[in-house]
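**Student:** 3D model of this:
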Amino acid sequence: MTERTFHQRFTLASKCGIMVFSGLAFWFFWERQAFVGLLVMIIVVGMIERVLHTEYTFKKVKPIDREEEHWFLIINRGRFARRVTIPVEEIKSIRVMPTPMKMSHFLLITYGPGNVFGVQPVDEDAFLATWRKTAADPSVNNKKSEQQANNTGNTEETSVRPEQGK
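**Tutor:** Residues are numbered from 1 along each chain as shown. This is a model prediction of the structure:
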C-alpha cells in the first residue's frame, strides 16, 4: 500500500448550512439585492466546493531532506484552501469527539508539539485501520521507539492508538 484516500463525510449540519445559505441567497435575489445575493452565493459555492473536494490521503513518500520514505497524512480541503501535511510518526492520538450540538462527530488528530486537527472521513473504521497500519511500519516504529526512549514518563489520556506489534 503506497496511497489510500478517504473523502469527507457529508453531514446533516453541512446539508442544512448549504440549504439555509442557498435560501438566503434566493431571498436576497427575490428582494432585488443582487450584490448581497451574489456574495452569499459565493459563500455557498465555497461551502459546496469544500465538502465535495476535501480528501484525506495516507501516502508514503521520500522527502527531500530525509534518506528513507515516510508515511504522511495529506489533508486537502479543496482548491481554495491550503494543503496540510502531517507526518504519521508525529501523530500522538486520534480521538472521536462530538460536534458542539451533538449532531455528529469527528476525529481529532493530536500531532507534533500540541497541534490538533479535526477530520470527518466517510469510513472512520478504515481510516483508523489505515493509520494503525502506517504507524506500524518499521521505519516509523524505529523513530517512535527513539522518541519514547527520550520522553519517559509522558502519558496520554485515553485515545485510539496504533498497535506496534501488528
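**Student:** Asn115 and Ala13, how far apart?
**Tutor:** Using CB to CB, to the nearest Å, Asn115 is found at 24 Å from Ala13. All C-beta atoms are positioned from the backbone trio N, CA, C, and that covers glycine.
**Student:** And Ile86, which helix or strand is it part of?
**Tutor:** Following DSSP states H and E, one finds Ile86 within strand 84-87.
**Student:** Show me what the mean pLDDT comes to for that strand.
**Tutor:** Averaged over strand 84-87, pLDDT sits at 89.
**Student:** Can you list the neighbours in contact with that strand?
**Tutor:** Here strand 84-87 makes contact (CB atoms under 8 Å, 6 or more residues apart in numbering) with His70, Trp71, Phe72, Leu73, Ile74, Ile75, Arg77, Ile109, Tyr111, Gly112, Phe117.
**Student:** Each with direction, which strands does that strand pair with?
**Tutor:** strand 70-77 (antiparallel) (DSSP bridges).
**Student:** who's in contact with the partner strand?
**Tutor:** 50, 53-63, 83-89, 91, 109, 117, 119, 131, 134-135, 137, 139-140.
**Student:** what distance separates the start and the end of stretch 63-83?
**Tutor:** Stretch 63-83 stretches 16 Å from its first residue to its last (CA to CA, to the nearest Å).
**Student:** Okay, buried residues for that stretch please.
**Tutor:** Buried residues in stretch 63-83, counted by 16 or more other CB atoms under 10 Å: His70, Trp71, Phe72, Leu73, Ile74, Ile75, Asn76, Arg77, Gly78.
**Student:** Quick one: these as TSV, columns for distance to Arg4 too.
**Tutor:** Shown next, in TSV, are the buried residues of stretch 63-83 (distance: CB to CB, whole Å):
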residue	distance to Arg4
His70	15
Trp71	10
Phe72	12
Leu73	10
Ile74	11
Ile75	13
Asn76	14
Arg77	18
Gly78	19
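**Student:** From those, pick the one nearest Ile43.
**Tutor:** Closest approach to Ile43 among the buried residues of stretch 63-83 (CB to CB): Gly78, at 13.7 Å.
**Student:** residues contacting the closest one?
**Tutor:** Here Gly78 is in contact with Glu49, Arg50, Leu52, His53, Thr54 (CB under 8 Å, 6+ apart).
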